[in-house]
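Asks: Build me a structure from this.
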Amino acid sequence: MTSDDTMAVSQIARWQRTSLLVGIAGVLLLVVGFLLDRDQALRSYLFAYLYWIGMGLGSMGILLLHHTVGGKWGMVIRRMCEAGSRTLPYMALLLIPMLLSIPILYPWAKPEALHDANIQAKAGYLNVPFFLFRTVFYFFIWTFYAWRLSKWSTLQDETGDPVLISKMRAVSAPGLVVFVFVTSFAFIDWVMSLEPHWFSTIYGIMFLVGQVLETFAFVIALVIILSKLSPLKEHVTVQHLHDLGNLMFAFMVLWAYLSFSQFLIIWAGNQPDENPWYLRRLRGGWEWVALALVIFHFATPFVLLLMRNTKRHADRLIKVCLLMIVIRIVDVYWVVEPAFYQQQLRIHWLDVVTPVAIGGLWLALFFWQLKSRPLLPIKDARLQGAPRETVAF
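Replies: Sure, this is the predicted structure:
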């Protein structure tokens, strides 16, 4: 940690304390909600957990992508992505309530599933012991990559050894493939299996792309805020923001392409075991949530991010990021909750409290990890030589 980091680290420490207090208050309310309505609390917990673990997984994905392809765009967000990926082992602890409640949340684990021929045909995969084994395996893979890349990054700060860049790339290139497969299956297990009669071959990757998108929005917003302070003030340029805005735009378009492709194929196929998934999400008030996603998750950011000035002006770009962070919560809610509320849209107070509770804890973990190491990899040669142009606010 250098002296230039002092002001930024002080600000991060304040954010950490505030996040922790908010998280603790949210957890207390969640406990009250659990005592009043156990099933509702668990459903809200699952939705909130999926959103916030997505920040950690998105950080891991961006980190692997950066080390694989290189580019100066990743240098100013690398420490943020490393901090986000290091929250994943702690998120494993927050998964325990969900694992203890598998028979409550997942229809394939309930006693009546024994009389369902469709579910029994998938029993070799959808059973509690194998589900738990896969979950442990997923976290082992994620923790390994988070630990390995962070260790080499710290060693680079100490030695400046250029060989470490090649080592990180050598691990990240195959690691990116492993990460995509492992994380896609995790979302198939945790989310898609809530409705075991339905399946989609692109569901896992579609959900993953959405999580990477929300992480891009988060780290870009954080870079913009911290670029007012040293050391990011001396290194973040307009070109960095432009490149990061382009990447967020690319993942937003990819999410829209995958989402529409899934919808088009299923709707055109008109199969009785596939259409109900969308019917539950396009009736009873859910259709307005779907319309909001079309407008604010795709159409509005698509138009805004097409404009060069939006990506090169910090105040404009951060507003798009905040919109994306909020609408991603709506998307996760729209995907997860109709599996439980199959008739009418209803928002329970726990659906609001639980994301705040888990979000406060995750942010506290994130800021704790972020302040523990230098905010920029100063001894990485790729950080130097960036074009100088003042960031406009």
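Asks: Compute the mean per-residue pLDDT across stretch 221-235, please.
Replies: For stretch 221-235, mean pLDDT rounds to 91.
Asks: now it, how far from the centre of its chain.
Replies: 22 Å (CA atoms, centre = their mean, to the nearest Å).
Asks: hey, C-alpha coordinates of that stretch in CSV?
Replies: Below are the C-alpha coordinates for stretch 221-235, written out as CSV (Å, rounded to 0.1, in the frame of the first residue of the first chain):
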residue,chain,number,x,y,z
ALA,A,221,-19.2,3.2,-11.5
LEU,A,222,-16.6,2.6,-8.8
VAL,A,223,-13.7,3.5,-11.0
ILE,A,224,-15.5,6.8,-11.9
ILE,A,225,-16.0,7.6,-8.2
LEU,A,226,-12.5,6.7,-7.2
SER,A,227,-10.9,8.5,-10.2
LYS,A,228,-11.4,11.7,-8.3
LEU,A,229,-8.8,10.5,-5.7
SER,A,230,-5.2,9.3,-6.0
PRO,A,231,-3.9,6.9,-7.2
LEU,A,232,-6.6,6.3,-9.8
LYS,A,233,-6.8,10.1,-10.5
GLU,A,234,-3.3,9.9,-12.1
HIS,A,235,-4.1,6.8,-14.2
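Asks: how about it: buried residues?
Replies: 221-224, 226-227, 229-232, 235 (16 or more other CB atoms under 10 Å). The C-beta positions use only the backbone N, C-alpha and C, and glycine is treated the same way.
Asks: In helices, which of the residues you listed appear?
Replies: In this view, those that belong to helices under DSSP state H are 221-224, 226.
Asks: now Tyr333, nearest residue through space, not along the chain?
Replies: Closest residue to Tyr333 apart from its sequence neighbours, by CB to CB, 6 or more residues apart in numbering: Phe47 at 5.8 Å.
Asks: For that neighbour, list the residues it contacts.
Replies: Taking CB atoms under 8 Å, 6 or more residues apart in numbering, we find Phe47 in contact with 332-333, 336-337, 351, 354-355.
Asks: coming back round to it: for Ile347, state which of the buried residues of stretch 221-235 is nearest.
Replies: Ala221 (25.3 Å; CB to CB).
Asks: Surely the closest one touches Val320?
Replies: No. The pair Ala221 / Val320 is not scored as a contact, 9.2 Å apart, by CB atoms under 8 Å.
Asks: Between the contacts of Phe47, identify the one with the most neighbours.
Replies: If you count neighbours using other CB atoms under 10 Å, the busiest of the contacts of Phe47 is Thr354, which has 29 neighbours.
Asks: I'd like the distance between it and Ser19.
Replies: Separation of Thr354 from Ser19 (CB to CB, to the nearest Å): 15 Å.
Asks: cool, Val27 as well?
Replies: 12 Å.
Asks: which residues are common contacts for the two?
Replies: By CB under 8 Å, 6+ apart, the residues touching both Val27 and Ser19 are Leu361.
Asks: neighbour-wise, which of the two wins?
Replies: The neighbour count for Val27 versus Ser19, taken as other CB under 10 Å, is higher for Ser19 (20 against 17).
Asks: Model confidence score at that one, please.
Replies: 97.
Asks: can you confirm it is in a helix?
Replies: Yes. Counting by DSSP: H, G, I helix; E, B strand; the rest coil, Ser19 is located in a helix.
Asks: can you pull the contacts of the residue nearest to it when sequence neighbours are not counted?
Replies: Nearest non-adjacent residue to Ser19, counting by CB to CB, 6+ apart: Leu363, 3.8 Å away. Counting by CB under 8 Å, 6+ apart, Leu363 makes contact with 15-16, 19, 23.
Asks: Give the ChimeraX command for selecting the buried subset of those.
Replies: Here is the ChimeraX command that selects only those of those that count as buried (16+ other CB under 10 Å):
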select :15,16,19,23
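Asks: now the contacts of Leu363 as JSON lines including secondary structure?
Replies: As requested, the contacts of Leu363 are arranged in JSON lines below (three-state DSSP):
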{"residue": "Trp15", "secondary structure": "helix"}
{"residue": "Gln16", "secondary structure": "helix"}
{"residue": "Ser19", "secondary structure": "helix"}
{"residue": "Gly23", "secondary structure": "helix"}
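Asks: could the contacts of Leu363 go into a markdown table alongside distance to Phe144?
Replies: Supplementary listing: the contacts of Leu363 in a markdown table, determined by distance: CB to CB, whole Å:
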| residue | distance to Phe144 |
| --- | --- |
| Trp15 | 28 |
| Gln16 | 26 |
| Ser19 | 27 |
| Gly23 | 27 |
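Asks: tell me, what residue is most central in this structure?
Replies: For the chain, the residue nearest the mean C-alpha position is Gly54 (2.3 Å; CA atoms, centre = their mean).
Asks: what's the spacing between that residue and Leu258?
Replies: 15 Å.
Asks: Gly160 too?
Replies: Gly160 is 41 Å from Leu258, by CB to CB.
Asks: quick one, which of those two is more surrounded?
Replies: Remark: of Gly160 and Leu258, Leu258 carries more neighbours, 19 against 13, as counted by other CB under 10 Å.
Asks: phi, psi of Lys228?
Replies: phi -80, psi -10 (degrees, to the nearest 10).
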